[in-house]
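Novice: I would like the atomic coordinates for the input below:
(chains A, B, C and D)
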Number of protein chains: 2
Amino acid sequence: MTVKTREKLSRERVVEAALGIMDREGLEAVTMRRVAREVGVEAMSLYHHVADKDDLLDGLCARVMTDFRIPSRDDRPWMERARHGAHEWRRVLKSHPNVIALFAERSKPMTDVNALRPMEYALSLIMESGADEREAVQFFNVMGGYIMGFVMMETGQMFTAGALDAQRPDAAAIAATFPAGQLPCITAALPYLATCDPDEQFEFGLDLLFRGMQTRFSAGP
Amino acid sequence: MTVKTREKLSRERVVEAALGIMDREGLEAVTMRRVAREVGVEAMSLYHHVADKDDLLDGLCARVMTDFRIPSRDDRPWMERARHGAHEWRRVLKSHPNVIALFAERSKPMTDVNALRPMEYALSLIMESGADEREAVQFFNVMGGYIMGFVMMETGQMFTAGALDAQRPDAAAIAATFPAGQLPCITAALPYLATCDPDEQFEFGLDLLFRGMQTRFSAGP
DNA sequence: CGATGTATGCTTACGACGTACGGGAGTATA
DNA sequence: TATACTCCCGTACGTCGTAAGCATACATCG
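Specialist: Numbering: from 1, shown residues only, chains lettered A, B, ... in the order given. Have a look, this model is predicted:
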């Protein structure tokens, strides 16, 4: 009857909608019905574009990787580009904080070529430093682990020790909830747990790793 | 009627059962009904010992932390004890690999005193090196992030680049699944992605971080 | 001793989830 | 026009978390 030409559905549109829901409403809000509603369709229609929910989540992981902006041409010394890459990876993770939980709960490795491009870029940068393949893999894992874990602790706040947050930096009150005398170091460190600057901390660890790497492998800028 | 004295249920027994299920059958197998069955009870009975499922998962997180073995007395220099602590933390995470996903998906900080004891221990070790509270928090976050992230990549295998595993180190076959010429660095690094030694890699990054820390803070062994 | 309150367990029921199955409408090819 | 294929919807089943109410056992007190 109506000539309404409905916008064609596609895997990309489905994944994109799921990404938006995950970012705005959290990981557990990503249900087939919710995603379907987002694209104006019934739940079962999604199955023409994704095999099942697991496949959709795989697509989500791959989609996030494509947010990594690989510089097209860059004349700076490799070390500067490597640092930039590390920051870019952190930026991507922070802009989709829930994807870390997604990474954590699925044990399958990535296979999508576009999703692997950032890894390719990272390896190429590391090898420019003079590292051989073995060392590159080693440093890639160390570096990737550091960034992933740091952002995870940064956004997850699991070790922020109690109900400590910016608008309630009342360290004494928090300390009072601990049995007296227990946890003296945490008590002493409370103010800094509340107010520390994540950017500075991230840079601190990054420095340690890069500096150590520079002394281990040769080949300057 | 029957004099059957059923073993008393408790929060500890419930959490312990949930931990066993998570370790043996995965995180998504931890359902109220499944846990109840494990302790020989109906699902709703669990609610007398945990507020809701979220509370049960909180208990799981706290329970895992108590697996961290804090040495009672140790005369070795602080650095050796700190390295031991890092390895112990990795051991705990690896022995309950699914808890990382749990940590990742819940944003609430820990409040249980026993769960905070490993953190207390870590801070005390770091401060022994001469670091002040601010620096200790900084290094704690960097170190904690590194270990968490490394174990996450180690157990999750998200960047193992394809269906690469121990019993199929056929690098050439994997490389063939990539569009020709794309991803040359990954292709070159494939053998090492498959066969690298995680223990050695972990140690490598640990070295970098500790060495960097040692040069930054004073106070030797 | 019996009464009573509290802790512990079971049963039933509801709405939301993933998805198997089958039907129907739109478009392309013969 | 007939046929096939793609895309979408409706219905239904089993599982999830948990609200509500009822049954039982035990501790406390007269």
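
Novice: Pretty sure A:Arg11 sits against A:Tyr47.
Specialist: No. A:Arg11 is beyond contact range of A:Tyr47, at 11.3 Å (criterion: C-beta atoms under 8 Å). Heads up, the C-betas are built off the backbone N, CA and C, glycines and all.

Novice: which other helices and strands contact the biggest helix by length in chain A?
Specialist: Determined from DSSP state H, the single longest helix within chain A is helix A:133-156. Helix A:133-156 is packed against helix A:78-95, helix A:99-105, helix A:113-128, helix A:198-216, helix B:99-105, helix B:133-156, helix B:184-195, helix B:198-216, with contacts defined by 3 or more C-beta pairs under 8 Å, 6 or more residues apart in numbering or on different chains; DSSP states H and E.

Novice: Now that helix - C-alpha only, CSV.
Specialist: The C-alpha coordinates for helix A:133-156 follow below in CSV (Å, rounded to 0.1, in the frame of the first residue of the first chain):
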residue,chain,number,x,y,z
GLU,A,133,59.5,-10.0,15.5
ARG,A,134,59.8,-11.9,18.8
GLU,A,135,60.7,-8.7,20.8
ALA,A,136,57.9,-6.8,19.0
VAL,A,137,55.3,-9.4,20.0
GLN,A,138,56.6,-9.2,23.5
PHE,A,139,56.5,-5.5,23.8
PHE,A,140,53.1,-5.4,22.1
ASN,A,141,51.6,-7.7,24.7
VAL,A,142,53.2,-5.8,27.5
MET,A,143,52.1,-2.4,26.2
GLY,A,144,48.6,-3.6,25.2
GLY,A,145,48.1,-5.2,28.6
TYR,A,146,49.2,-2.0,30.3
ILE,A,147,46.9,0.2,28.4
MET,A,148,43.9,-2.1,28.6
GLY,A,149,44.4,-2.7,32.3
PHE,A,150,45.0,0.9,33.1
VAL,A,151,41.8,2.1,31.4
MET,A,152,40.0,-0.7,33.1
MET,A,153,41.0,0.4,36.5
GLU,A,154,40.5,4.0,35.6
THR,A,155,37.0,3.6,34.4
GLY,A,156,36.0,0.7,36.7
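
Novice: buried sites along that helix?
Specialist: A:133, A:135-156 (16 or more other C-beta atoms under 10 Å in any protein chain shown).

Novice: what's the spacing between that helix and its chain's center?
Specialist: 11 Å (C-alpha atoms, centre = their mean, to the nearest Å).

Novice: That helix vs helix B:133-156, what angle?
Specialist: On the basis of axes from the mean of the first three to the mean of the last three C-alpha atoms, to 10 degrees, helix A:133-156 is oriented at 120 degrees to helix B:133-156.

Novice: Just the angle for helix A:133-156 relative to helix A:198-216, thanks.
Specialist: 170 degrees.

Novice: that older thread, could you export the helices and strands packed on helix A:133-156 as TSV, including mean pLDDT and distance to A:Ala189?
Specialist: Output for the helices and strands packed on helix A:133-156, formatted as TSV (pLDDT from 0 to 100; distance: least, C-beta to C-beta, whole Å):
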stretch	mean pLDDT	distance to A:Ala189
helix A:78-95	96	24
helix A:99-105	95	25
helix A:113-128	94	33
helix A:198-216	89	13
helix B:99-105	95	20
helix B:133-156	94	5
helix B:184-195	86	38
helix B:198-216	90	16
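
Novice: What separation do you get for the most centrally placed residue in chain A and A:His87?
Specialist: Chain A has A:Leu93 as the residue nearest its centroid, 2.4 Å off, counting by C-alpha atoms, centre = their mean. Noted for A:Leu93: a distance of 11 Å to A:His87, by C-beta to C-beta, to the nearest Å.

Novice: swap in A:Ser10?
Specialist: 32 Å.

Novice: Residue numbers of chain A in contact with DNA strand C?
Specialist: A:1, A:5, A:30-34, A:43-44, A:47, A:52-54 (C-beta under 7 Å from any atom of the strand).

Novice: Going through those, which ones are buried?
Specialist: Buried among those (16+ other C-beta under 10 Å): A:Val30, A:Met32.
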